[in-house]
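J.: here is a sequence together with a model predicted from it:
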Amino acid sequence: MSSEQNTEANDAASPTTGPTAGSDAGDDGGAGDHHAFWADAVAEEVEARDPDEPVVIKGGVSPSGIPHLGHFNEILRGHFVAEVLRERGHEVRQVFTSDDRDPLRKLPRRLANEEWDVVELGDVDAGALGKNLGKPYTDIPDPFGACHDSYGEHFADLLSQAADMVDVPVEVLSNTELYTSGEFEPQIRTILSNIDTAREVLAGYQDSVDENYSPFRVVCSECGIITTDVTVENLDAGTVSYACTGMTAGGREIEGCGHEDEATLRDGKLSWRFEWPAQWSLFGVDFEPFGKDHAEGSWPSGEDICRTVLGEEPPVPMTYEWFTLNGEPLSSSEGNVVTVPEVLELLEPDVLRYFFALDPNKARDFDISRLDQLVDDFDRFERAYYGEVDDEELRRFANRAYPFVVAGHRPPASGTASRPVDEERPERTRLPYTFAAVLGMVDDRELRLQMARNEGHIPEDAPEAVVDEALARVEKARAWAERCDNAYNYRLQTDLPDVDLGDDERTALDDLADFVEKGHDGEAIQGEIYETAREHGLEVGDLFEAGYRLFFNQPQGPRLGEFMGELDRAFVVQRLRREN
């Protein structure tokens with residue numbers, strides 16, 4: 001949602017949070033599988049309003065910086081409700097506003113270019129950006145040159161690209177275009193014609209409202225700063241008068257140029273508290289999810305403004321809990337972000353969609369170092385759908401949510417067509433993520449395949465397409481190991497490294513090769529390394545290091561015995577015997 005609300009006081013209002021039914025494993029109150037997924041409860045509340053077609057679902061963001069994973073709370077939460085409604089035969093329009101007439105209030109620490117390369121603020125012309133504080137995002141030049149017409153368009157386009165990457169067809173709309181085209185004029189006129197009521201309503205939620213407060217702000221024609229010193233001049237003619245007295249941005253006061261002039265209703269914007277309900281009115285919004293900050297602040301005032309000032313019914317709301325990134329709040333301006341392209345280098349789109357299908361009531365941490373746990377949870381969720389997990393609650397949740405998590409591609413825009421699960425899904429083979437990371441230590445595809453078959457993860461008769469899809473996870477797990485520099489970030493040496501070994505170490509490695517050749521598993525091999533070291537009077541660490549140098553040409557590595565147990569046995573025996 002818009003960043004403009006962050007500057008307005010959140011005063012005494014009890015939140016109306018709306019429906020957030022369901023849980024990770026389903027909580028249906030005895031109503032069956034169709035209440036095991038929270039999106040069904042929301043869809044039922046939307047249907048209870050008897051909405052016109054198409055049903056409109058909305059989200060929005062102020063394009064202040066890098067579009068990050070947090071923005072997908074609204075996109076994917078809205079998407080799942082849209083899909084449930086489509087399944088029920090409704091036409092659905094999912095819109096996402098780029099609130100790009102908001103002013104730039106703070107310089108972000110990090111930005112992303114058109115290729116999604118994340119750079120520090122110092123890598124662009126920060127001085128030029130600093131000169132544009134207080135101006136609308138669409139009036140600020142693209143910090144990366146000519147790839148887009150403005151700062152706002154640059155980051156809105158990245159958001160649209162990211163939605164496409166996870167197969168969510170949203171209609172991204174520019175607030176600036178809606179203002180300059182006059183589409184917001186009916187709502188602005190209604191608010192300004194009832195300005196006393198508007199002030200009275202907002203004063204119940206915000207202390208700074210007085211008899212001079214204007215819900216409408218103007219972009220100064222002289223300096224481009226958004227000013228709040230606005231007076232209705234001739235509403236019939238659609239004009240206001242203003243004085244450019246400046247604004248607060250970036251924690252400091254930005255002085256206005258002092259210019260005084262008249263402006264039309266297309267030359268400015270509504271304050272956030274009024275802009276949000278004006279969007280509901282303009283689009284006829286039936287449902288909108290939002291974070292808990294809005295539930296405690298701008299939702300109560302927006303709900304009141306919608307009914308009392310605009311004379312319309314607000315949409316069905318849904319409050320979702322935020323999630324953190326590696327234990328810290330996500331923030332575009334502070335630079336603590338992870339982008340969708342970054343995440344999709346590490347896991348499949350299905351897994352990311354699953355993360356957002358979980359209970360929106362629960363706060364979560366997206367811990368990149370523990371992505372293996374998230375992927376394992378998704379794999380279990382998928383197996384539950386196919387009846388391979390004995391967990392009744394998880395089964396009900398999976399039966400209902402899985403088709404929406406993994407559904408195939410839909411044509412752009414809206415419609416009522418269902419999204420069936422791919423008929424090939426039962427043949428799919430998912431390699432355990434950490435095992436895929438182990439395979440990522442190996443560059444040779446055939447050796448990867450042999451290791452996977454040795455462990456029973458890929459059947460000998462699996463079609464080539466199934467094999468390719470299974471091994472595709474290896475590159476993602478390898479990228480995860482490299483990013484986190486964890487215990488899997490090693491590379492198996494295809495050729496025998498030149499390792500200096502003592503006679504006792506050579507004899508111990510030969511004995512260990514004999515043990516491996518008998519067909520023992522990885523856990524047994526791990527224990528045998530300790531026994532062999534003791535039998536030959538070696539320090540255990542020295543024998544492990546000898547093994548690491550033979551396999552990785554490094555002094556350390558993963559659990560060596562388990563790793564050898566997953567490799568082709570003949571290859572391990574040859575390597576321990578120093579045979580190239």
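T.: Received the coordinates, thanks. Numbering: from 1, shown residues only.

J.: and the lengthiest helix in the chain, what does it pack onto?
T.: The longest helix of the chain (DSSP state H) is helix 464-484. Applying 3 or more CB pairs under 8 Å, 6 or more residues apart in numbering; DSSP states H and E, we find helix 464-484 packed against helix 371-385, helix 433-439, helix 445-454. In short, each C-beta sits where N, CA and C put it, glycine included.

J.: pLDDT of the second one, averaged?
T.: Looking at helix 433-439 alone, the average pLDDT works out to 94.

J.: I'd like the next helix or strand past the lowest-mean-pLDDT helix or strand in the chain.
T.: Every helix and strand of the chain was ranked by mean pLDDT, DSSP states H and E. The lowest is strand 247-249, at a mean of 80. Next helix or strand after strand 247-249 toward the C-terminus (DSSP states H and E): strand 252-254.

J.: packing partners for that following strand?
T.: strand 247-249.

J.: between helix 371-385 and the longest helix of the chain, find me the angle.
T.: Put simply, helix 464-484 runs at 150 degrees to helix 371-385, going by axes from the mean of the first three to the mean of the last three CA atoms, to 10 degrees.

J.: what's the angle from helix 464-484 to helix 445-454?
T.: Using the same axes, to 10 degrees: helix 464-484 against helix 445-454 is 100 degrees.

J.: which stretches in the stretch 251-400 of the chain count as strands?
T.: 252-254, 260-264, 268-270, 287-291, 316-320, 323-325, 328-329, 364-366 (DSSP state E, counting those that start in this stretch).

J.: now for the last one, which elements pack on it?
T.: Contact partners of strand 364-366 among helices and strands, from 3+ CB pairs under 8 Å, 6+ apart: strand 323-325.

J.: the strand it packs on pairs with which strands, parallel or anti?
T.: strand 328-329 (antiparallel), strand 364-366 (parallel) (DSSP bridges).

J.: next one: the nearest residue to residue 303 once chain neighbours are set aside from residue 503, what distance?
T.: Using CB to CB, 6 or more residues apart in numbering and skipping residues adjacent in sequence, the residue nearest residue 303 is residue 314, 4.6 Å away. Applying CB to CB, to the nearest Å, the value for residue 314 to residue 503 is 82 Å.

J.: now swap in residue 301 and tell me
T.: 82 Å.

J.: which one's more surrounded, these two?
T.: Each of residue 301 and residue 503 has its neighbours counted (other CB atoms under 10 Å); residue 301 has more, 26 against 8.

J.: show me where the stretch 51-200 of the chain has helices.
T.: 72-87, 126-130, 151-165, 175-180, 185-193, 195-203 (DSSP state H, counting those that start in this stretch).

J.: quick one, what contacts the spatially most central residue of the chain?
T.: The centroid of the chain falls nearest to residue 69 when counting by CA atoms, centre = their mean (2.5 Å). Under the criterion of CB atoms under 8 Å, 6 or more residues apart in numbering, the neighbours of residue 69 are 325, 330, 337-340, 343, 366.

J.: nearest to residue 132, of the strands paired with strand 323-325?
T.: For those, the distance to residue 132 is smallest for strand 328-329, at 25.7 Å, taking CB to CB.

J.: follow-up on the earlier one: out of the contacts of residue 69, the closest to residue 56 would be?
T.: Out of the contacts of residue 69, the member with the shortest distance to residue 56 (by CB to CB) is residue 340, at 24.2 Å.

J.: tell me how far the nearest residue to that closest one once chain neighbours are set aside lies from residue 508.
T.: Residue nearest to residue 340 in three dimensions, not counting chain neighbours: residue 162, with 3.9 Å by CB to CB, 6+ apart. Counting by CB to CB, the separation of residue 162 from residue 508 is 53 Å.

J.: have a look at those two and say which one is more surrounded.
T.: With neighbours defined as other CB under 10 Å, residue 162 and residue 508 compare such that residue 508 has more, 25 against 22.

J.: how about the strand or helix carrying the more buried one: buried residues?
T.: Here residue 508, judged by DSSP H and E, is contained in helix 503-517. Going by neighbour count (16 or more other CB atoms under 10 Å), the buried part of helix 503-517 is 505, 508-509, 511-513, 515-516.

J.: for stretch 380-394, same thing?
T.: 381-385, 389, 394.

J.: same question, stretch 82-93
T.: Those would be 82-87, 90, 92-93, for stretch 82-93 by 16+ other CB under 10 Å.

J.: between the residues you listed, which sits nearest residue 310?
T.: residue 93 (20.2 Å).

J.: so the closest one touches residue 57, yeah?
T.: Yes - using CB atoms under 8 Å, residue 93 is in contact with residue 57, at 7.3 Å.

J.: overlap in contacts, these two.
T.: What both residue 93 and residue 57 touch, as defined by CB under 8 Å, 6+ apart, is an empty set.

J.: neighbours of the spatially closest residue to residue 479 that is not a sequence neighbour, just the number please.
T.: By the measure of CB to CB, 6+ apart, the closest residue to residue 479 outside its immediate chain neighbours is residue 345, 4.9 Å from it. Neighbour count of residue 345, defined by other CB under 10 Å: 14.

J.: my guess is residue 345 contacts residue 481. True?
T.: No - at 12.0 Å, residue 345 does not count as touching residue 481 under the criterion of CB under 8 Å.
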